[in-house]
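Student: below are the sequence and a predicted model; questions follow.
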Amino acid sequence: MRVVNLEAISSVPLHHQPYCHFIGSNALNAAADAMARDFPPIEQTGFFPVCGLRTTGVFHDLIADINDPSFSTVVGDKLGLDLVNRPRLVTVRHRSASSDGRIHTDSVSKLATVLIYLNECWVDSPAGRLRVLRSSRDFEDYSAEINPVLGGVFGFRRAENSWHGHLPFSGVRKVLQIAWLTDETKVARKTRTARLSRWLKTLNPFA
């Protein structure tokens, strides 16, 4: 592992309420200036598949670490799942729109998700800070709030009650999302959908 600090993930406590999840920090060994320098130049909002981007430097090394089986092993051991042989969808976000972050649980095609934050610093505001929520209705009914700074990590097992989201934020909010899915067809479909979304946003960047 050149960039990912697996020990920082394996050593954090696992929480079972309101659903199975973990929250940690220092999950990356990379310096903030190196990550800022090598982050892909994406100006549109939304998540985009890493497989369609040109990656260089420390960000390229980060993706290599994510694709190493040891990463899936550590996350799977933490969440009580066998993830090594499950297909992964790795996407990255550079910018958020004010409409992003609505309360959701993730689709049933996902088994588990890990978010690794890549922001050098964060605003002194609850906007854009992910919340582990107890319901689908109330942003204030939360058990934890994650500051999306470099090396912050949030992982969870998808469930019918795995509610999460963040208060509206518009601007740079860098995050890498790794999702383990039920089968390859779901990965292909989600990749096509994400690529179409990116193409449409090149036509209308304000959508």
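Tutor: All right, it came through fine.
Student: ok now stretch 87-97, how far from the chain's centre?
Tutor: Its chain's C-alpha centre lies 6 Å from the corresponding centre of stretch 87-97 when counted by C-alpha atoms, centre = their mean, to the nearest Å.
Student: quick one: mean pLDDT for it?
Tutor: Per-residue confidence for stretch 87-97 averages out to 96 on the pLDDT scale.
Student: stretch 63-78 now?
Tutor: 97.
Student: other residues contacting that stretch?
Tutor: Residues from elsewhere that reach stretch 63-78, judged by C-beta atoms under 8 Å, 6 or more residues apart in numbering: 1-4, 6, 9-10, 12, 14, 22, 50, 55, 81-84, 86, 88, 90, 112, 114, 155, 176, 178, 180. Every residue, glycine included, has its C-beta placed from N, CA and C.
Student: pull the contacting residues for N5.
Tutor: By C-beta under 8 Å, 6+ apart, the contact set of N5 is 26-29, 151.
Student: tell me where this structure has strands.
Tutor: With DSSP state E as the criterion, the chain has strands at 21-24, 47-49, 88-96, 110-117, 130-133, 142-146, 153-157, 164-165, 171-181.
Student: where do the helices sit along this structure?
Tutor: For the chain, the helices defined by DSSP state H cover 6-10, 32-38, 57-67, 69-79, 184-203.
Student: for the protein, what helix or strand is lowest in average pLDDT?
Tutor: helix 184-203 (a mean of 56; mean pLDDT, DSSP states H and E).
Student: contact partners for the closest residue to I42 other than its chain neighbours?
Tutor: Spatially, and ignoring its direct neighbours in sequence, I42 is nearest to H94 (4.0 Å; C-beta to C-beta, 6 or more residues apart in numbering). Taking C-beta under 8 Å, 6+ apart as the criterion, H94 is in contact with 39-40, 42-44, 172-174.
Student: repeat for L150
Tutor: Residues in contact with L150 (C-beta under 8 Å, 6+ apart) are 28, 30, 32, 35, 117-120.
Student: what does W180 give?
Tutor: With contacts taken as C-beta under 8 Å, 6+ apart, W180 has the following neighbours: 72, 75, 81, 83, 86-88, 110-113.
Student: between the residues you listed, which sits nearest V132?
Tutor: Nearest to V132 among the contacts of W180 is T113, at 12.5 Å by C-beta to C-beta.
Student: from I63, how far out is the closest residue to the closest one other than its chain neighbours?
Tutor: Leaving out its chain neighbours, the residue that sits closest to T113 by C-beta to C-beta, 6+ apart is A179, at 4.8 Å. With the distance defined as C-beta to C-beta, to the nearest Å, A179 ends up 14 Å from I63.
Student: which regions of this structure lie under the pLDDT threshold?
Tutor: Judged against pLDDT under 70, the low-scoring parts of the chain cover residues 185-207.
Student: could you report the neighbour count for G165?
Tutor: The burial metric for G165, expressed as a neighbour count using other C-beta atoms under 10 Å, is 18.
Student: R102 now?
Tutor: Taking other C-beta under 10 Å as the definition, R102 ends up with a neighbour count of 10.
Student: do the same with G128
Tutor: 23.
Student: ok, V84 next?
Tutor: Burial of V84, expressed as a neighbour count using other C-beta under 10 Å, amounts to 14.
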